[in-house]
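**Q** below is the structure, and that's it, no one-letter string:
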Ligand code: ADE
């Protein structure tokens, strides 16, 4: 049932003009146009109090910078819930202190219903938003950006392309890096020789089984050399799964 609904992303931000930005291009841009994906960008200020629509205030306890007030966030999320009370919705706060976003989480979010992305600015958001409003916090990496908007775009891009029909060939989704907990194999196109560098002969051989094997070996070798922890993680997940199966059989 859910697969026929568009995957909807709601962004709460004080900079709505930043969107769709890069999300308006390529296959993702087309998916928004075709209605496979929905993007609802809301200006947080519309949920602040008139006449000044202020969204920030000085921190209790003193210190530098401003803190985003809790009320506009709560009102916005409550308004969203009230609009479609029966629809599943996940509220995500983008924050460098959150769980590290990765492909596995993109799949998880793909199943979660309407995704509401809270993009903070200033020194941070009143902690009650994190504690009582957000279902979870996500970080896109161990560095600090000036706000959550770029992080939200990354989440939208990674989740959106998993929606059936968004990326042309489903096969390319399965093969690519991280889907198999391995990096992707090298790709080549014409010309077969460029500046003295030749495309590996096996790829020109037309021998599909051999090409498949070569690709698997290359992917594994690359992963071992560049990201060995992906293989270790995979092994420990498999060992843990085997162990829990054995325990439940006992
Ligand atoms: N906001 C600021 N820095 C961030 C990060 N690294 N990830 C997610 N949101 C952020």
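**A** Right, received. Where do you want to start? This structure is a prediction, so every number in the text was calculated from the model and none was measured.

**Q** and the helices in the protein, which stretches?
**A** 26-34, 70-83, 103-110, 127-132, 149-160, 170-175, 201-204, 208-226, 228-249 (DSSP state H).

**Q** for the ones you listed, which one sits closest to the ligand?
**A** Proximity to the ligand, assessed across the helices of the chain by C-beta to the nearest ligand atom, is greatest for helix 149-160 (3.4 Å). Just so you know, the C-beta spots here come from the backbone N, C-alpha and C atoms, and that holds for glycine as well.

**Q** just the pLDDT for residue 174.
**A** Residue 174 carries a pLDDT value of 64.

**Q** next: residue 73.
**A** For residue 73, pLDDT reads 98.

**Q** how many neighbours does the residue lying closest to it once chain neighbours are set aside have?
**A** Once flanking residues are discounted, residue 73 sits nearest to residue 129: 4.7 Å by C-beta to C-beta, 6 or more residues apart in numbering. Residues lying near residue 129 (other C-beta atoms under 10 Å) number 23.

**Q** do the one 4 residues further on as well
**A** Counted with other C-beta under 10 Å, residues neighbouring residue 133 total 19.

**Q** check residue 50 too.
**A** Residues near residue 50, counting by other C-beta under 10 Å: 6.

**Q** contacting residues around the spatially most central residue of the chain?
**A** Closest to where the C-alpha atoms of the chain average out (C-alpha atoms, centre = their mean) is residue 155, at 2.5 Å. Residue 155 sits next to 92, 94, 101, 106, 109, 115, 117, 138, 140 when contact means C-beta atoms under 8 Å, 6 or more residues apart in numbering.

**Q** next step: those residues restricted to strands.
**A** Within the contacts of residue 155, residues falling in strands by DSSP state E are 92, 94, 115, 117, 138.

**Q** tell me the pLDDT of residue 240.
**A** 61.

**Q** tell me the predicted confidence for residue 55.
**A** 98.

**Q** ok, now the one 5 residues further on?
**A** Among the per-residue scores, residue 60 shows a pLDDT of 97.

**Q** touching, residue 99 and residue 108? I think so.
**A** No - using C-beta atoms under 8 Å as the test, residue 99 is too far from residue 108 to be in contact (10.4 Å).
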